[in-house]
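Q: Just to be clear, the model below is a prediction. Sequence and coordinates:
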Amino acid sequence: MTISRLQTKRLAYQPLIPPALRDLSRVSLQHSGQRTALPEALCKIFPKTHPFSEWCLDKKSGQPGRPLKVGVLFSGGQAAGGHNVISGLYDGLIQIHPKNQLLGFLDGPAGLVENRYQVLTAAMIDQVRNLGGFDLIGSGRTKIETPEQFQAAARSASALQLDAIIIIGGDDSNTNAAHLAEYFLQNNIETRVIGAPKTIDGDLRSPDIEMSFGFDSAAKTYSELIGNIARDAMSAKKYYHFIKLMGRSASHLVLECALATCPNLAIIGEEKQTLAHIVANIAQLIEDRHAHGKDYGIVLLPEGLIEFIPEFKALIAALNLNLADEKDPQKVQKQLTEPHRSFFASLPEKIGQQLLLDRDPHGNVQLSKIETEVLLLDLVKKELKGRNIKIDAQPHFFGYEGRACFPTNFDANYCYSLGLLAALAVRDHATGVILAIKHLSRSPAEWEPKAVPIVQLMGFEMRSGKEKPVIAKTVVDLQSRAYRLFAQEQKIWRLGDCYQMPGPIQFYGDPELTDSVPLTL
Ligand code: FBP
């Protein structure tokens, strides 16, 4: 297979890593004794894993022991850098013991349940280093939840005599990893389970997990596109561009891209504005710009906006409850009571149908399938009609474009380090933990690797009509420095054309361009 010149160059890139991870024989992961008090209800569900404390790096030498056999899988949506987690893991395992073996489960958690895997070789790993996508082994959204699925996963792990499974996933996948670790311990299965924080959404965070991988690459890809569109808009001066950005419930990607590109308006879902307020705000922006002779502009919207709009939030909760027992969309709709029924009826038919689509296996609304940008455009046009203003507008949705791109140097370095750390965590017998690297805004020389019990990140949420223990999604904090800076700057962006054009991701050249970290870090 022929590959592009950039692919060839990237295969040879040597990720930068924290010094402590250079020679794994000189360090070990040790319990720090640091524990967070957990609610009684969580302790009951995780009797074996809840007492664990976090693991920190120690300068004590580690023992390679007997050769280890490790499985790895991707879970959920693609995020740039995943292949580097696997290459770091592979290199780390071989460094620890040349006979260590790595298996990749195919197509996500389904591969584990169905025992479909591939032994990963050096030659395979060498073809994906520093490249985007999850195509080495594929990914999937299967949730391991029924007793049969847990038993099947345990059968695969035992049959393969796996010492550990690394689950590379987001909040829901790591919730699943916590359950699997607990199940294995309760059933005397010797396989340990370790999670790695992946998701472009940036909503899997804690004081230790400063950023999930893939966020930086996705944000920089979208920012390039937004910058290009802004320049186009300024040149032609005839279109408003309503750009919806992926990112599920949280608006982290919109905030990051807004800071990078300075659009005329960016809606942050977490501001919890009503639909009427959002529409009036956009219409006002357009009217004000019209008065200045500017009938063009850029508006950014988060994919998860509707989950924060109070009317939608209540409607979705009601639909979710009905959908838990009834699958027929017509009947679900009919079961709605007031005021949800009237609100549902007021929505364009297409949006109504999209709201009734199946939830994902974790009970989430499939937000990427709801055309919020089209809905808002429609409502804003209606509002402007009353103000005697006509606009020409283009709706856009940037999502999949940013998930499997070449990882930025930040993501390439971060992911390779996570992979090495995973190898160390396997050797040192950690389980039920998620890998974390602190001080990510500094250079990799100053990064601090550790591993945190997943259960410490969990709380209870309604999913598919039931209270479930899950890792809570971290949404944009309206008190954060990044948000406050954005809110202040945005006032100037409304009328001025302050657009920034970040251009494409840079891999080589000036470190100011190649080594930049996410602005919201
Ligand atoms: P993860 O949470 O699994 O990382 O997926 C993130 C995401 O890209 C969301 O931003 C988006 O809403 C969703 O996946 C789309 O899912 P799908 O790939 O199934 O269409």
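A: Everything's here; your move. Keep in mind that this is a model prediction, so the values were computed, not measured. Numbers count the residues shown, from 1 in each chain.
Q: the bottom helix or strand of this protein by mean pLDDT?
A: Within the chain, no helix or strand scores below helix 329-334, which has a mean of 76 by mean pLDDT, DSSP states H and E.
Q: Is Ile166 located within a helix, as I assumed?
A: No. Counting by DSSP: H, G, I helix; E, B strand; the rest coil, Ile166 is not part of a helix but strand.
Q: I'd like to know how far the most centrally placed residue in the chain sits from Gln14.
A: For the chain, Thr199 is the residue whose C-alpha lies nearest the centre (CA atoms, centre = their mean; 2.0 Å). Per CB to CB, to the nearest Å, Thr199 is found 26 Å from Gln14. C-betas here are computed from N, CA, C, even on glycine.
Q: Counting neighbours, what do you get for Tyr508?
A: Tyr508 is flanked by 11 other residues according to other CB atoms under 10 Å.
Q: Leaving out the residues flanking it, which one is nearest to it?
A: Excluding its sequence neighbours, the residue lying closest to Tyr508 (CB to CB, 6 or more residues apart in numbering) is Thr514, at 6.5 Å.
Q: Neighbours of that neighbour, how many?
A: For Thr514, using other CB under 10 Å, the count is 14.
Q: do the one 3 residues further on as well
A: Residue neighbour count, defined by other CB under 10 Å, stands at 17 for Val517.
Q: about what we covered before: tell me what the least confident helix or strand of the chain is packed against?
A: helix 310-325 (3 or more CB pairs under 8 Å, 6 or more residues apart in numbering; DSSP states H and E).
Q: Quick one, grab the pLDDT at the residue nearest to the centre of the chain.
A: Looking at Thr199, its pLDDT is 98.
Q: Wait, it touches Gly77, no?
A: Yes. Using CB atoms under 8 Å, Thr199 is in contact with Gly77, at 6.9 Å.
Q: joint contacts of those two?
A: Contact with both Thr199 and Gly77 is made by residues Gly170, according to CB atoms under 8 Å, 6 or more residues apart in numbering.
Q: returning to that earlier point: enumerate every residue touching the residue nearest to the centre of the chain.
A: Contacts of Thr199 by CB under 8 Å, 6+ apart are Gly76, Gly77, Ala79, Gly169, Gly170, Asp171, Ser212, Gly214, Phe215.
Q: and the residue nearest to Tyr508, what pLDDT?
A: So Thr514 comes in at 97 (pLDDT).
Q: Looks like it contacts Ala412 (just checking).
A: No. With contact defined as CB under 8 Å, Thr514 does not count as touching Ala412 (10.5 Å).
Q: Overlap of the contact sets of these two?
A: By CB under 8 Å, 6+ apart, Thr514 and Ala412 have no common neighbours.
Q: Met234 falls within a strand, correct?
A: No. Inclusion of Met234 in a strand is not indicated when three-state DSSP is applied; the result is helix.
Q: list the contacts for it?
A: Counting by CB under 8 Å, 6+ apart, Met234 makes contact with Tyr296, Asp497, Tyr499.
Q: near the ligand, which residues of this protein?
A: 76-77, 79, 141, 170, 199-201, 246-248, 303, 367-368, 403 (CB under 6 Å from any ligand atom).
Q: ok, 8 Å please
A: 75-79, 141, 169-173, 198-201, 203, 212, 214, 246-248, 253, 303-304, 360, 364, 366-369, 399-400, 403 (CB under 8 Å from any ligand atom).
Q: Not counting sequence-adjacent ones, nearest residue to Asp477?
A: That would be Tyr483: by CB to CB, 6+ apart, it lies 6.5 Å from Asp477.
Q: mind checking how far the nearest residue to Trp493 once chain neighbours are set aside is from Ile125?
A: Once flanking residues are discounted, Trp493 sits nearest to Cys262: 5.0 Å by CB to CB, 6+ apart. Note on Cys262: its distance to Ile125, by CB to CB, is 40 Å.
Q: Give me the more crowded residue out of those two.
A: Cys262 (23 against 20).
Q: circling back to that earlier point, which of the contacts of Met234 has the most neighbours?
A: Of all those, Tyr296 has the most neighbours under the rule other CB under 10 Å, reaching 22 neighbours.
Q: any idea how far that residue lies from Lys198?
A: 37 Å.
Q: So which elements touch the stretch of helix or strand Ile286 belongs to?
A: If you go by DSSP states H and E, Ile286 is part of helix 275-291. Contacts defined by 3+ CB pairs under 8 Å, 6+ apart place helix 275-291 against strand 265-266, strand 297-302, helix 372-386.
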